[in-house]
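>>> Here is a sequence with its predicted model. Questions after.
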Amino acid sequence: VFLGMRKGRIRAGKHTNFVPSNIPFLALGAWILCVGWFGFNVMSAQTLEGISGLVAMNSLMAMTGGIVASLIAGKNDPGFIHNGPLAGLVAICAGSDLMHPIGALITGAIAGVLFVYLFTFLQNKTKIDDVLGVWPLHGVCGAWGGVAAGIFGQSGFGGLGGVSLTVQILGTMLGVSVAVIGALIVYGVINALFGLRLSEEDEFNGADLAIHRISSTNDD
């Protein structure tokens, strides 16, 4: 919202999508996250005795659902294929200790579809240039996961029970509100005082080169 669109994103009145600079790095980063997710999600128990096999299984099932759904909905697009499992993993965090594995699979699949269609909508129909798909991936899929915990965590759907859909919806709405308001305040102040956007020259060269002095591609 504060940054605006990148130069060249709109040409002749139409949205133009940029090709990812490095697909292998995209894949590597996504799958490092997927592997690491098991450590962070399973070890949220904080003790070896508290580790739950159900959390590990549900994380795997949600990741699988996200991969398959994004593969189909995204029509083999590599960006969707590698972000689909992350969408599923984001969505399962709230209910990984409650759901039946089939519920986790469905939750991940819905998250994968949500990511594909919302990212496509943002890129092609709006002036919000969410390069990494952070809002559909972490925002919407995370919110869906909070609601899904209240659905598939119910004993009637094979879950362990003890969860309220109403409370999950209210809690999710509160979390979203805090995140949105906090982000508007923090980034609004930074943008007003220092500016968030790169200079035109740095934007042309790319943030990797301008900020980190490295290139994401091999120019040799």
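Done, it's in.

>>> Please give the element, helix or strand, for V55.
Element membership for V55 (DSSP states H and E) is helix 53-73.

>>> Could you check that helix and say which residues are buried?
Buried residues in helix 53-73, counting neighbours by 16 or more other Cβ atoms under 10 Å, are found at 54-55, 57-71, 73. All C-beta spots, glycine's among them, are computed from the backbone N, C-alpha and C.

>>> Any chance you could list what contacts that helix?
34, 37-38, 41-42, 44-45, 80-81, 83-89, 91-92, 95-97, 99, 101-102, 104-113, 115-117 (Cβ atoms under 8 Å, 6 or more residues apart in numbering).

>>> which residues touch the spatially most central residue of the chain?
Geometric centre of the chain, nearest residue: L137, 2.3 Å, by Cα atoms, centre = their mean. Going by Cβ under 8 Å, 6+ apart, L137 touches N83, L86, A87, V90, F115, F119.

>>> before we move on, back to that, need the next SSE after the helix holding V55, C-terminal direction.
helix 78-92.

>>> which helices and strands sit right next to that following helix?
Helices and strands touching helix 78-92, by 3 or more Cβ pairs under 8 Å, 6 or more residues apart in numbering; DSSP states H and E, are helix 23-42, helix 53-73, helix 101-125, helix 141-152.

>>> between the contacts of L137, which is closest to S155?
Minimum distance to S155 across the contacts of L137 is 24.7 Å, recorded for V90 (Cβ to Cβ).

>>> From G171, how far out is S177?
11 Å (Cβ to Cβ, to the nearest Å).
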